[in-house]
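Undergrad: Here is the input, now give the coordinates:
(chains A and B)
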Amino acid sequence: MENEFEEFVRGRTPALLRSAFLLTGDQQLAEDLVQSALARTHRSWHRLERVGNAEAYTRKTMYHLQVGWWQRRRFVEVALAGADRAQRDGSELAMDRIDLRRALLLLAPRQRAVIVLRFFEDRTEAESARLLDCSVGTIKSQTAKALGRLRQIMATEEVIPR
Amino acid sequence: MSDLQNELAELADRVRPADLLDRVYGTSRGLRRRRRALVGASVVLTGALVAGLLLPGRDDPDPAPIISPTATAAPAPTPTVGPLKARFVPPVTVRGDRKQLKLTLPDGTGVTVSYSRSEDFERAGADASWSFSLNDDDPCCDVVVRSIPPNPRYVGYVLDGTGQRLDAFQTVPMDPNGPGGVDSGYEETEVIWFRYGDWFIGDRELVAGAVGPDLSKYYPDAGKFRFGQTPDGFITAVPASGRRSHPSAMEADVLTGPTLDFWRGLDHSVQFARAGRCTGPAEAPIMEWRGRQICQDGVIVRVSADKSEQSWVRDFLADLRIDKVIQP
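TA: Alright, predicted model coming up:
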């Protein structure tokens, strides 16, 4: 059992970290988030391995943890401080990305999750709804609100679709 | 649309690779400990309500065990459930405005601490639990508790390193919609618990095809230890001959090694552990909870709580005194 789990962890950690970085905006926080989600997967590995949906469970757990942690506001100050530090040191190209990073951090946690699911992981509305345990209608409305808020924050419409 | 996708992909490229496996295992163990604390509280509370019993009061003696096997030589289909006083509240001595608490860590280290009389962490509500492990290479017994999930079934026994017999009980999978939901790290597997004295050592996953009554070859962990229980009720487990116990260590943000844990719910804990090397007071986050730790004479005291209780964490550690440490 442990071999299969370790293979799963090593194989999926890079992709999970990428999503987690967008969700948290910080390397350490992204690692913490993936670590916590994978630990919960480990606790349920027997069942998940049997039905073959460990990946979906891990991602779902990660998104739920992210929303919960952010609501407790543990990460907000850390992540924004990190974004500010990076912004001061950045080049022009980096500035654009850091602007997006900071803008993502200023979204409500569920809106940020929707943006990452829909536009980074390329999930359908139905898939996103299942992962976040909400309706497709909620995904639609949260997506619209998130995009509007991103436009407002970044004060540019170059990278934000209408 | 594709611009946003590209920008997100470029931003995600900034994350650095990381090997999280050891941290994942450490957090998994921490989740299991916390889950056991929650389950223990649930079992006690439910049982007390069903039996019409009050929870133990301040002067209660060491509580009675939760289960008495009806037989040890062969599987007994219907274990006898005893009085539902499952938590272990160690005795304290009150002197003036201070309390003194004598602890025995799982490796036999004696620790005497004192604190304000008004503080009652030792009671830890109804969900105190104990856990420990031997070392990273030889893990055992991450979870040692006084109460286990309901409806356990006696399935045989294992032998410890000195030939002492530990009865084995199997418990049913836990409700995935139970306390804590996805955040509690619940398990849906059947597990085995080994009973020593008033304690249950586990929880090991069920080995397919294991046939009793002697289950030692399927569950060899118990054979690595010599178990004991102090007159005050603390469980000890020292390595059997040829093995060495390691001091506690930080694995990710979870303490490993011989550790005595007091839990109050999922977001509040006081942990005592033998340290390899002491450092000064430090921040001590435990998973998503905040905390602080102090270390003196080779003993760590680590306190964590939800954000709303950080003032209690600071006040508790400022007031706590480690009066005596007796090495095993």
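Undergrad: Quick one: residues contacting residue B:297.
TA: B:278, B:322, B:325 (Cβ atoms under 8 Å, 6 or more residues apart in numbering or on different chains). (Glycine included, C-beta is placed from N, CA and C.)
Undergrad: Any idea what the spatially closest residue to residue B:193 that is not a sequence neighbour is bridged to?
TA: Spatial nearest neighbour of residue B:193, chain neighbours left out: residue B:202 (3.8 Å); criterion: Cβ to Cβ, 6 or more residues apart in numbering or on different chains. Assessed by DSSP bridges, residue B:202 has beta-bridge partners residue B:143.
Undergrad: sorry, back to before: out of the contacts of residue B:297, flag the one nearest to chain A.
TA: Closest approach between the contacts of residue B:297 and chain A, by Cβ to the nearest Cβ: residue B:278, at 25.7 Å.
Undergrad: how would you label the closest one: helix, strand or coil?
TA: What DSSP: H, G, I helix; E, B strand; the rest coil gives for residue B:278 is coil.
Undergrad: Surely it is in contact with residue B:301?
TA: No: between residue B:278 and residue B:301 there is no contact under Cβ atoms under 8 Å: 11.0 Å.
Undergrad: hey, what's in contact with both of those two?
TA: In contact with both residue B:278 and residue B:301: residue B:295, using Cβ under 8 Å, 6+ apart.
Undergrad: These two: which has the busier surroundings?
TA: Remark: of residue B:278 and residue B:301, residue B:301 carries more neighbours, 21 against 12, as counted by other Cβ atoms under 10 Å in any protein chain shown.
Undergrad: how about the nearest residue to the more buried one, chain neighbours excluded?
TA: Nearest one to residue B:301, counting by Cβ to Cβ, 6+ apart, is residue B:294 at 5.4 Å.
Undergrad: The one you found: which element?
TA: strand B:290-296 (DSSP states H and E).
Undergrad: Sheet-wise, list the partners of the next helix or strand after that strand with their directions.
TA: Elements were assigned by DSSP H and E; along the chain past strand B:290-296, the next helix or strand is strand B:299-305. Take DSSP bridges as the rule and strand B:299-305 pairs in its sheet with strand B:268-274 (antiparallel), strand B:290-296 (antiparallel).
Undergrad: Just name the shakiest helix or strand of chain A by mean pLDDT.
TA: In chain A, the helix or strand scored least confidently by mean pLDDT, DSSP states H and E is helix A:76-89, which has a mean of 50.
Undergrad: which residues sit against the helix or strand hosting residue A:58?
TA: Under the criterion DSSP H and E, the helix or strand holding residue A:58 is helix A:54-71. Residues outside helix A:54-71 that contact it (Cβ under 8 Å, 6+ apart) are A:8, A:12, A:16, A:19-20, A:23-24, A:33-34, A:36-38, A:40-41, A:44-45, A:48, A:75-76, A:109-110, A:112-113, A:117, A:130-133, B:182-183, B:288.
Undergrad: Okay, and which of the residues you listed map to helices?
TA: A:8, A:12, A:16, A:19-20, A:23-24, A:33-34, A:36-38, A:40-41, A:45, A:48, A:76, A:109-110, A:112-113, A:130-132 (DSSP state H).
Undergrad: do you know how far the residue nearest the centre of chain A is from chain B?
TA: By Cα atoms, centre = their mean, chain A has its centre lying nearest to residue A:23, at 3.1 Å. Look at residue A:23 and chain B: by Cβ to the nearest Cβ, to the nearest Å, they are 10 Å apart.
Undergrad: likewise residue A:119?
TA: Residue A:119 is 5 Å from chain B, by Cβ to the nearest Cβ.
Undergrad: in a helix, that's where that residue is, yeah?
TA: Yes: per three-state DSSP, residue A:119 lies within a helix segment.
Undergrad: Run a quick neighbour tally on the residue nearest to residue B:193.
TA: When neighbours are counted by other Cβ under 10 Å, residue B:202 comes out with 25.
Undergrad: With residue B:165 instead?
TA: 18.
Undergrad: That one contacts residue B:157, correct?
TA: Yes: taking Cβ under 8 Å as the definition, residue B:165 is a contact partner of residue B:157 at 4.9 Å.
Undergrad: which residues does residue B:105 contact?
TA: Neighbours of residue B:105 in contact, by Cβ under 8 Å, 6+ apart: B:111, B:132, B:234, B:258-260, B:272-274, B:299.
Undergrad: at 7 Å what do you get?
TA: B:111, B:258, B:260, B:272, B:274 (Cβ atoms under 7 Å, 6 or more residues apart in numbering or on different chains).
Undergrad: In TSV, list the residues you listed along with neighbour count, pLDDT and distance to residue B:229.
TA: Converted to TSV, the contacts of residue B:105 look like this (neighbours: other Cβ atoms under 10 Å in any protein chain shown; pLDDT from 0 to 100; distance: Cβ to Cβ, whole Å):
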residue	neighbour count	pLDDT	distance to residue B:229
B:111	23	94	17
B:258	27	73	15
B:260	25	81	14
B:272	24	87	18
B:274	25	81	19
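Undergrad: Would you mind measuring from the closest residue to residue A:146 other than its chain neighbours to residue A:132?
TA: Counting by Cβ to Cβ, 6+ apart, residue A:146 lies nearest to residue A:111, which is 3.7 Å off, once chain neighbours are set aside. Distance, residue A:111 to residue A:132, using Cβ to Cβ, to the nearest Å: 11 Å.
Undergrad: what do you get for residue B:104?
TA: 47 Å.
Undergrad: Between these two, which is the more surrounded one?
TA: Counting neighbours by other Cβ under 10 Å for residue B:104 and for residue A:132 shows that residue B:104 has the greater number, 23 against 20.
Undergrad: nearest residue to the more buried one other than its sequence neighbours?
TA: Closest residue to residue B:104 apart from its sequence neighbours, by Cβ to Cβ, 6+ apart: residue B:234 at 3.8 Å.
Undergrad: quick one: the one you found and residue B:102 touch, right?
TA: No: Residue B:234 is beyond contact range of residue B:102, at 9.2 Å (criterion: Cβ atoms under 7 Å).
Undergrad: Settle it for me: which of those two has more neighbours?
TA: residue B:234 (21 against 18).
Undergrad: From start to finish, how long is stretch B:298-314 in a straight line?
TA: 21 Å (Cα to Cα, to the nearest Å).
Undergrad: Show me what counts as buried in stretch A:53-71.
TA: A:54, A:57-67, A:69-70 (16 or more other Cβ atoms under 10 Å in any protein chain shown).
Undergrad: Any stretches of chain A with poor pLDDT?
TA: Within chain A, the ranges that satisfy pLDDT under 70 run A:1-2, A:47, A:49-52, A:68-98, A:156-162.
Undergrad: ok, now with 50
TA: Chain A contains residues with pLDDT under 50 at A:72-77, A:86-95, A:157-159, A:162.
Undergrad: What's the PyMOL syntax to select whichever of the contacts of helix A:54-71 are buried?
TA: Only the buried entries of these go into this PyMOL selection, using 16+ other Cβ under 10 Å:
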select buried, (chain A and resi 8+12+16+19+20+23+24+33+34+36+37+38+40+41+44+45+48+75+76+109+110+112+113+117+131+132) or (chain B and resi 182+183+288)
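Undergrad: right, and residue B:294 touches residue B:319 too?
TA: No: using Cβ under 7 Å, residue B:294 is not in contact with residue B:319; the gap is 11.2 Å.
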